[in-house]
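[1] Curious how this folds, go ahead:
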Amino acid sequence: MIQVKSQQASCPYFCKRASLQKTGRWFATAHRAAERENGQADMKNGRLAAFALLMIILAGCSTEESRMAARRDTEVALETAREQAHVDCSSPAACELLWSRTRLYVAQRSATPIRRADDTAIETAEPHTFGTVYVWATRTSGAGGISTIQVKGMCRGMYRADGNPGWLYGTCARQIRSVETEFRSFIGAAS
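    So this is what the prediction gives:
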């Protein structure tokens, strides 16, 4: 036995029009059909797509510009903090006092313990986690018997291997800026 599938004839345009008139959607459909016949709908859709693409491109440009401006501002703030993160001392007793307070500051502000400390450097271990600040300090002697003590905050994950900002750039920058700007007030130095 052979079965024959019946094919239903599609309803002609006027049939569809009649059913759409009953539902109240005929005018919108008929209007779009007329636009399609004249090519107006395609042109309108093309203009709309071009406008949407232009808005996306402009939004991307302004976002990139604002990101670059924010990074520039952050870099300037970090540089200012680094310039302030040092003290000078001239007498050996004053330098020893400042150096011992610096060691305490490094121990309190670094996420990792001190691994090496001597008369010229205080180093903490690099943390295993990203976005965590660790602090080092150095003491150098200059001309005229003046010594300079400087702290430096570092953060794992702040920069990528190519030197561009990493995912944790903003978080790291805030923490480093805090560590470096609060150094002088902690040790009580005015220089």
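[2] Show me where this structure dips below the pLDDT cut-off.
    1-44, 54, 57-62, 189-191 (pLDDT under 70).
[3] any idea how it splits into domains?
    Annotated domains of the chain cover 13-84, 85-187 [automatic domain parsing].
[4] Give me whichever of these is most buried.
    Mean neighbour counts were taken over the domains of the chain using mean count of other CB atoms under 10 Å, and the top value, a mean of 16, falls to domain 85-187. For glycine as for every other residue, the C-beta is placed from the backbone atoms N, C-alpha and C.
[5] could you pull out the helices for the chain?
    13-23, 26-38, 40-84, 92-109, 169-181, 183-187 (DSSP state H).
[6] Give me the angle between the fourth one and helix 169-181.
    So the one you mean is helix 92-109. Angle, helix 92-109 to helix 169-181, by axes from the mean of the first three to the mean of the last three CA atoms, to 10 degrees: 150 degrees.
[7] who does helix 92-109 touch, helix- and strand-wise?
    Applying 3 or more CB pairs under 8 Å, 6 or more residues apart in numbering; DSSP states H and E, we find helix 92-109 packed against strand 86-89, strand 114-117, strand 121-124, strand 133-141, strand 147-155, helix 183-187.
[8] ok, 6 Å please
    strand 86-89, strand 133-141, strand 147-155, helix 183-187 (3 or more CB pairs under 6 Å, 6 or more residues apart in numbering; DSSP states H and E).
[9] possible to save those as CSV with distance to Thr124?
    Below are those laid out as CSV (distance: least, CB to CB, whole Å):
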stretch, distance to Thr124
strand 86-89, 18
strand 133-141, 5
strand 147-155, 9
helix 183-187, 15
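[10] Cheers, nothing more for now.
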